[in-house]
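Engineer: From the sequence below, what's the structure:
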Amino acid sequence: KAHTPLPSSLKGKINGDKIWFHAGFYDYLFDKAYNPNEDENMTNYDSLLVQLSLVMQKFPSYKVYTTGHSLGGALSSIAALFLASTPGALLPKPITCINFASPRVGDHKFLDAVQVLEQNGALRLLRIVNENDSLATVPTVNYNHAGFQLVLFEGNHDPKLTYPKLQDTFMNRFSRAYQNSSLNATWNFTYNQREYRERIEKDRESLEKYDLNHMYDNKDLTGFT
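Structural biologist: Residues are numbered from 1 along each chain as shown. As a prediction, this is how the structure comes out:
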């Protein structure tokens, strides 16, 4: 695991002063960029932030989205957290992350940080997973998913939307944990995106009715006060 200090904008808003991330995912973003045209100490994330800042200066009405599948999904979640924590008006808020088959990336402090940013309107996070996809069940011990989870099923079963409410009942938490556990998974050794495309197409009519901003406004879904 990578033990990293909280972004300055989150200090004092959650307990503790550090977040644990999966080291492989975190290092992918925060290792040096090794670009001969950039500062030798610049990380991949720094390079991303510079490029985004240039785009936003030229197109100030643009919004920022992060996305990815599997490893890309994990990176999109971490990047979205740090982008949403960027102080001031450097980047427009909210930052929106919509990803697919994302593994877990951080500990409970990661979940806490995401929820603070969501409640402040700085971050929107939606993870889309196929039922029983093993990619979304790892890593396990001391790792947490965050944001809305939309599960896609085979057959005529409608998509299922859930959110990790802090005041949720034990049975709802247990059901969600089991849904996201390797005990309930079909091992995905091919990292195949085809099933995601097929299920999205199957559920197109249902999915087009979802509005992420409205979902965050629904206190029955989020438990926000």
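
Engineer: What strand or helix carries the residue nearest in space to the middle of the chain?
Structural biologist: By Cα atoms, centre = their mean, the chain has its centre lying nearest to residue 77, at 3.3 Å. Applying DSSP states H and E as the criterion places residue 77 in helix 71-84.

Engineer: ok, residues contacting that helix?
Structural biologist: By Cβ atoms under 8 Å, 6 or more residues apart in numbering, the residues outside helix 71-84 that reach it are 7, 21-22, 25-26, 28-29, 45, 48-49, 52, 64, 66-68, 91, 93-97, 99-103, 105-106, 110, 113-114, 117, 122-123, 125, 127, 146-147. Heads up, the C-betas are built off the backbone N, CA and C, glycines and all.

Engineer: Now restrict these to buried residues only.
Structural biologist: Among these, those classed as buried by 16 or more other Cβ atoms under 10 Å are 7, 21-22, 25-26, 29, 45, 48-49, 52, 64, 66-68, 91, 93-97, 99-103, 105-106, 110, 113-114, 117, 122-123, 125, 127, 146-147.

Engineer: from these, which ones fall inside helices?
Structural biologist: 25, 26, 29, 45, 48, 49, 52, 110, 113, 114, 117 (DSSP state H).

Engineer: Show me where this protein has its strands.
Structural biologist: 2-5, 18-21, 65-66, 95-100, 123-130, 148-152, 160-162 (DSSP state E).

Engineer: can you tell me how far the residue nearest to the centre of the chain sits from residue 206?
Structural biologist: With distances taken as Cβ to Cβ, to the nearest Å, residue 77 is found 24 Å from residue 206.

Engineer: same deal with residue 113?
Structural biologist: Using Cβ to Cβ, we find residue 113 at a distance of 31 Å from residue 206.
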